[in-house]
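Peer 1: Sequence and computational prediction follow.
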Amino acid sequence: MTKTAVFPTGTILGYPRIGPRRELKSAVEAFWAGTITADELESTAAGLRADIRERLTGLGLGRADSSIPETFSFYDQVLDALCTVGALPERFASLLGADGTIDLAAYFTLARGDGENPPLEMTKWFDSNYHYLVPEIGPETRFSLASDRIVREFVEAKQGGYLTRPVIVGPVTFLLLAKPSDAAPEGFLPLDRLRDLLPVYSELLGRLAEAGAEWVQLDEPGLVSESIPVPRATVLAALRHSTDTLGHLSTRPAIFVAAPYGSLDDAFPVLADAPIEAVGLDLVRGQTPFDLSGLGTKTLVAGVIDGHNVWRGDLNAAFDTAQAIAAQVAHLAVSTSTSLLHLPHSIDDEPALGDGLLSWLAFADQKVAQVTTLVRGLADGKAAISPDLAAAAAALQSRQDAPGVRDSSVRARAAALTGTDFTRGSYEHRVEAQDAALGLPALPTTTIGSFPQTTDIRRARAQHLRGTLSAEDYRGLMRAEIARVIALQEQIGLDVLVHGEPERNDMVQYFAENLEGFATTANGWVQSYGSRCTRPSILWGDVSRSAPISVDWASYAQSLTAKPVKGMLTGPVTILAWSFVREDQPLGDTARQVALALRDEIADLEAAGIQIVQVDEPALRELLPLKRANQAAYLDWSVGAFRLATAGVSAATQIHTHLCYSEFGVVIDAIRNLDADVTSIEAARSRMAVVADLGTSGFDHGIGPGVYDIHSPRIPSVAEVVDLLERALTALPERQLWVNPDCGLKTRGYAETVESLTNVLAATRQVRARVAG
Ligand code: MET
Ligand SMILES: [Zn+2]
């Protein structure tokens, strides 16, 4: 390896890649639509990468010292790693080109499916709201260097005058995040294939070194998670094996292993001992290891700036932490705790937020500036940065004292709650009351809430926002859409209808806009998965509801049909999980405030004649702490918040909840404790695997396992849905089973939606007939 490589004194672990105005999204979607070529897409992407390098040097990162990480991705960094190592699942084996490489079109096919073959499953990246694609690894998986994109991007940077740091998901995390392939025998762990995978990483590191890379970053966040079902001793042995193998290569860049999202615990001594050159710690979520002396001459990359949240934070404290660590290690570098992937680009894009709130915030670019400020302070002494530290301290103080941050009536109401506010009557009694009130058939059919958001709807919303469409006209257009969606559902034959959520830009932002205590951004997009971005709201103050939010839309929809219309709300945990939330009080306290606001809304829906209310909690699993020791407390407050929101209704009012993209293993008890009458879940991609778990766990309330994946344009066949329903019925009694898609339909088009739902209804009729007969 390059013996002389010195790690830069300041860096970040990664940077948003979607572009400040979602340029990558537009380009990728244009490529999918066939309106631009692969070459055109490549050139847009190269332009974005060049902009990022330039922006980061402007913010103070070095141009030629490996401090700029290359973290671009067309879709997902785990998919990138999968393509780099050629780990194609059997059903996609033909995507490997004759020259042994996986091209851009093939790359997207893995993410989106190809009509015949379902795409890779998608799941949450640690405790963030980013989703990665899950590799499928079995004894049959072949590994080969099938994409040298990482090398090419390094060379591209070099030609542009930058010495950057290539980044790839490390081999241990890659396998920890993979699931066993269908062909894998019982008990097989993807990690068992580490020995076969490492030669490809070795080859890649050799190629990077030959291209002139001085450092490579291996992201190994898998090491901090206690939610991965692999014995810890196995993980640590794999880490030792991997770092030994890569560390002893004769040709390689210096190796930086980063482990964001929590503390490394017992993996730290393993890395400290390993033949690598730098170790990165998340010092926002995790702790500084008690003893750093084992690092020897290695660089400690101290993640003292929060990469995962938008608050400006306490810069003085970050400086003190960095300085204290500097005294204990041979080399210190200042860094963000995680990649900045989770943050919008810059507060400069948000002039409408107001000076107060803006002064409390730091988006990606401001975090980079914080890193470089600390670097300067460590090099030149604290006095050199005292104006920056003073400004940060003043902002923190102004935030504490600002109106709205604490609202005494909200606080008094939360303080007065008692146990009965969190409980409904017995389930048996509720079932009786609801059967009588609703009279639904066996295997009732419904949808998850949203219907396609057409261009017309989006246009109307944009015009309304701009002021070119009056509130009255906007309301008229939304009502027309609701009427159309109700008629369509009646025609298809669904049993429980929805109003379709046309008025919602986003299921969280919509409520944030209508509750006190939130601010919404104009350009604060962050990548959720692939080309999909969200614009999280900022929850900065005490939360309350000043007026009904959804009641008017729901009762209008109900007035158009004799079938029950399901009211549709987003739950407290999801509102928190998909917003940037104040960090100056426990999350549980904030959740309770949101729950009380929703409780008021549900009471108003019920009073307006809505008999079923769905409170979506798709994010319940994602906020689960990665460390087991913190999980019970989390589940306690999160389940409590849902119950507080929903427990005010009468027995005859049916409460639904919806959870998507989740593996339920560890949260199954929590789902049961929500005590929702009906729970709809994602299940089609894993072909009902979750239903068996639910069955054996004694879950006895209603359950709607998704019968088709709405994330791809594929239309499910009747036979396929029948098969899934029959599978579900082997694990669950018929009285529990509901029929619905995996998730909301807002990203789909109308034609495919009608076709898909029509097939679902046909399948349901077949199964009903079989069951009845
Ligand atoms: C991400 S879960 C989405 C639930 C919401 N009710 C919808 O149908 O869009
Ligand atoms: Zn969903």
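Peer 2: Yep, it's here. Numbering: from 1, shown residues only. Ligands and ions are numbered 1, 2, ... in the order given.
Peer 1: hang on, Ala274 packs against Thr245?
Peer 2: No - counting by C-beta atoms under 8 Å, Ala274 does not reach Thr245; the two are 10.3 Å apart. (Each C-beta comes from the backbone N, C-alpha and C, glycine too.)
Peer 1: near ligand 1, anything from stretch 440-451?
Peer 2: Yes - using C-beta under 6 Å from any ligand atom, stretch 440-451 reaches ligand 1 at 448-450.
Peer 1: Contacts for stretch 573-584, please.
Peer 2: Under the criterion C-beta atoms under 8 Å, 6 or more residues apart in numbering, residues 129, 309-311, 399-400, 405, 507-508, 511-512, 518, 534, 536-541, 587, 590-591, 594, 616-620, 622-623, 638, 641-642 lie in contact with stretch 573-584.
Peer 1: Narrow these to those that are buried.
Peer 2: Buried members of those, scored by 16 or more other C-beta atoms under 10 Å, are 129, 309-311, 399, 405, 507-508, 511-512, 518, 534, 536-541, 587, 590-591, 594, 616-620, 622-623, 638, 641-642.
Peer 1: Just the ones in strands from the residues you listed, please.
Peer 2: Using DSSP state E, the members of the buried ones among the contacts of stretch 573-584 that fall within strands are 518, 534, 538-541, 616.
Peer 1: So which of the residues you listed reach ligand 1?
Peer 2: Applying C-beta under 6 Å from any ligand atom to those, one finds that Asp616 fall near ligand 1.
Peer 1: so what are the domain limits for this structure?
Peer 2: Domain segmentation of the chain under automatic domain parsing yields 23-401, 432-453+493-772.
Peer 1: so of the contacts of stretch 573-584, which ones are in helices?
Peer 2: 399-400, 511-512, 587, 590-591, 594, 638, 641-642 (DSSP state H).
Peer 1: ranges for the strands of the stretch 151-300 of the chain?
Peer 2: Ranges of strands in the stretch 151-300 of the chain, per DSSP state E, counting those that start in this stretch, are 165-169, 179-180, 215-219, 254-259, 278-282, 299-305.
Peer 1: What is the shortest one packed up against?
Peer 2: Put plainly, it is strand 179-180. strand 136-137 (3 or more C-beta pairs under 8 Å, 6 or more residues apart in numbering; DSSP states H and E).
Peer 1: pLDDT on the strand it packs on, on average?
Peer 2: Average pLDDT, strand 136-137: 98.
Peer 1: do stretch 543-550 as well
Peer 2: 97.
Peer 1: Does at least one residue of it sit close to ligand 1?
Peer 2: No - Stretch 543-550 lies out of reach of ligand 1 by C-beta under 6 Å from any ligand atom, never closer than 11.1 Å.
Peer 1: So for that stretch, what gets flagged as buried?
Peer 2: Counting neighbours by 16+ other C-beta under 10 Å, one finds that the buried residues in stretch 543-550 are 543-545, 548-550.
Peer 1: Ok, stretch 21-38 next?
Peer 2: 22, 24-25, 27-28, 31-32, 36.
Peer 1: what does stretch 330-338 give?
Peer 2: Judged by neighbour count (16+ other C-beta under 10 Å), stretch 330-338 contains these buried residues: 331-338.
Peer 1: swap in stretch 100-110?
Peer 2: Using 16+ other C-beta under 10 Å as the test for burial, stretch 100-110 gives 101-104, 106-110.
Peer 1: Show me those that map onto strands.
Peer 2: Among these, no member lies in strands (by DSSP E).
Peer 1: of these, list those near ligand 1.
Peer 2: Counting by C-beta under 6 Å from any ligand atom, no member of these is near ligand 1.
Peer 1: how about those residues in JSON lines, adding pLDDT?
Peer 2: Putting those into JSON lines (pLDDT from 0 to 100) gives the following:
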{"residue": "Thr101", "pLDDT": "97"}
{"residue": "Ile102", "pLDDT": "97"}
{"residue": "Asp103", "pLDDT": "96"}
{"residue": "Leu104", "pLDDT": "96"}
{"residue": "Ala106", "pLDDT": "97"}
{"residue": "Tyr107", "pLDDT": "98"}
{"residue": "Phe108", "pLDDT": "98"}
{"residue": "Thr109", "pLDDT": "98"}
{"residue": "Leu110", "pLDDT": "98"}
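Peer 1: can you put the buried residues of stretch 330-338 in a markdown table and add pLDDT, secondary structure and distance to Leu163?
Peer 2: Listed next are the buried residues of stretch 330-338 as a markdown table, based on pLDDT from 0 to 100; DSSP: H, G, I helix; E, B strand; the rest coil; distance: C-beta to C-beta, whole Å:
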| residue | pLDDT | secondary structure | distance to Leu163 |
| --- | --- | --- | --- |
| His331 | 96 | strand | 18 |
| Leu332 | 97 | strand | 21 |
| Ala333 | 98 | strand | 16 |
| Val334 | 98 | strand | 19 |
| Ser335 | 98 | strand | 18 |
| Thr336 | 98 | strand | 20 |
| Ser337 | 98 | coil | 24 |
| Thr338 | 98 | coil | 23 |
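Peer 1: Return the member of the residues you listed nearest to Leu223.
Peer 2: Using C-beta to C-beta, Thr338 is the member of these that lies nearest Leu223, at 13.7 Å.
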